[in-house]
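K.L.:
below are the sequence and a predicted model; questions follow.
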Amino acid sequence: MFDRLTGNKRAKDLLTRMLQAGRVPGALIFAGIDGVGKKLFAIEVAKALNCLQPKDAEACDHCAACVRIERFKLSSSSKSEDNKSIVWSEHPDVGLLRADNRNFKVDQIRELEAEAHFRPYEGKRRTFLLDEADKLNESSSNALLKTLEEMPATSHLFLITSRHDALLPTIRSRCQTIRFAPLSADEIEKYLLQNKKRSPQDARAVAALAGGSLASAEVMNIDEYRTRRSATIELLGALAGTGSRAPLLRAAEEWSDPKRKDEYEASLGVLEMLARDVWLLSLDPASTIITNADLREQLLKIAARVSSRQIANWLARIENTRRELGININRRIATDALFLGMANA
């Protein structure tokens, strides 16, 4: 059941124990960064609760119930009217509730409450997934509290969120939280090699950049990555004094362009990955664990111009910039401070 899902062994073991003991709580929070499989895990639990031929309390994945539960008729529209009702799977006892662009509406939660009080139509348990539960506002949160307080024994509610602390404390206290960790680069690399037919070099690079998110790794455009990497190696050369300072000015402008806001985190990730490779080569020029082995000669030239202490300073500044962006600091100010600090490290 959970074996086909990548990573998060601790969550797998905990959920398996709950199922085997027949003690799955009425309300669970699946919490962790985007792209680590929280929704897939929740669906697997829903399957196990309704499987027609369970083995050791795990879903068989082959019976009619398991197959139908996996099939949701999802709309790609973000319009409120397309998200206002429960989206049912092909199984009448398993549904998904999604917010519109901003938040959940009270009427959505009231519909959920009403449906939760019906006995199962075909299965053993009615199961509802509340996707992006952090989009509950004060009104819909208060409505959900009533649902949680009166949850029937035949129904389960799984809240899925990447922002656990955005949920009201009163909601968190009424649910058991299952925490999902970012996947390791090795886990992502192995998945890409086995399932996406990436080359070993590309799989390793993408895994290092994905930030623990398998979903991000799956959609990453490798050609865009190579273009970004080429520009970033020039930037590192400028910071180390091995070339023109023009790439510094160009990067500061490009990174701060409002039209490229979504690319900022990716650019920061490439800079961090290359800086880490330079650091490894400064410690051991023959290192075999660098991510960008095809750039070894260029990276060695940079490593020869800076000390391992300087590069450690670079990495610390990159991490500090990432934290500052989390509190909405001006990106141009953050970028200028980062490059100036790295150049003077």
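P.N.:
Right, received. Where do you want to start? All of these numbers come straight from a predicted model, not from anything done at the bench. Numbers count the residues shown, from 1 in each chain.
K.L.:
continuing past the helix ranked longest in the chain, what's the next helix or strand?
P.N.:
Identified as the longest helix of the chain according to DSSP state H is helix 264-283. Downstream of helix 264-283, the first helix or strand assigned by DSSP states H and E is helix 296-303.
K.L.:
can you list contacts of that following helix?
P.N.:
When contacts are defined by Cβ atoms under 8 Å, 6 or more residues apart in numbering, helix 296-303 is touched by residues 233, 236-237, 240, 242, 274, 277-279, 281-282, 285, 290, 292, 311. In this view, the C-beta of every residue, glycine as well, is placed from N, C-alpha and C.
K.L.:
kindly supply the ChimeraX command isolating those of those that are buried.
P.N.:
Written as a ChimeraX command, the selection of buried residues from those, which uses 16 or more other Cβ atoms under 10 Å, is:
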select :233,236,237,240,274,277,278,279,281,282,290,292,311
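K.L.:
nearest to Leu268 among the contacts of helix 296-303?
P.N.:
Taking Cβ to Cβ as the measure, Leu274 is the one of those closest to Leu268, at 11.1 Å.
K.L.:
shouldn't the closest one be in contact with Asn292?
P.N.:
Yes - if you go by Cβ atoms under 8 Å, Leu274 and Asn292 touch, sitting 6.5 Å apart.
K.L.:
next, show the common contact partners of those two.
P.N.:
Arg229, Leu299.
K.L.:
and the longest helix of the chain, which residues are buried?
P.N.:
Buried, per 16+ other Cβ under 10 Å, within helix 264-283: 264, 266-282.
K.L.:
for stretch 198-210, same thing?
P.N.:
Arg198, Asp202, Ala203, Arg204, Ala205, Val206, Ala207, Ala208, Leu209, Ala210.
K.L.:
which stretches of the stretch 1-150 of the chain form helices?
P.N.:
Listed in chain order, the helices of the stretch 1-150 of the chain (DSSP state H, counting those that start in this stretch) span 9-21, 38-50, 64-69, 80-83, 106-116, 138-149.
K.L.:
reformat those as CSV; add mean pLDDT and mean neighbour count.
P.N.:
What follows is the helices of the stretch 1-150 of the chain, written out as CSV (pLDDT from 0 to 100; neighbours: other Cβ atoms under 10 Å):
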stretch, mean pLDDT, mean neighbour count
helix 9-21, 95, 15
helix 38-50, 96, 24
helix 64-69, 96, 20
helix 80-83, 52, 14
helix 106-116, 95, 18
helix 138-149, 94, 17
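K.L.:
from memory Gly7 sits against Glu189, does it?
P.N.:
No - Gly7 lies out of contact with Glu189 (Cβ under 8 Å); the separation is 11.8 Å.
K.L.:
need the contact list for Asp61.
P.N.:
Met1, Lys47.
K.L.:
point out where the stretch 101-250 of the chain drops to low pLDDT.
P.N.:
242-245 (pLDDT under 70).
K.L.:
distance between the ends of stretch 321-337?
P.N.:
9 Å (Cα to Cα, to the nearest Å).
K.L.:
buried residues in that stretch, which are they?
P.N.:
Neighbour-count burial for stretch 321-337 flags Thr321, Arg322, Glu324, Leu325, Arg331, Ala334, Thr335, Ala337 (criterion: 16+ other Cβ under 10 Å).
K.L.:
how about the nearest residue to Glu324, chain neighbours excluded?
P.N.:
Ala334 (5.4 Å; Cβ to Cβ, 6 or more residues apart in numbering).
K.L.:
actually, Arg126.
P.N.:
Nearest non-adjacent residue to Arg126, counting by Cβ to Cβ, 6+ apart: Ser155, 4.3 Å away.
K.L.:
closest to Gln108 out of the buried residues of stretch 198-210?
P.N.:
Nearest to Gln108 among the buried residues of stretch 198-210, with distances taken as Cβ to Cβ, is Ala210, at 32.1 Å.
K.L.:
so the closest one versus Arg198, what's the distance?
P.N.:
12 Å (Cβ to Cβ, to the nearest Å).
K.L.:
over to Arg125?
P.N.:
For Arg125 relative to Arg198 (Cβ to Cβ), the value is 39 Å.
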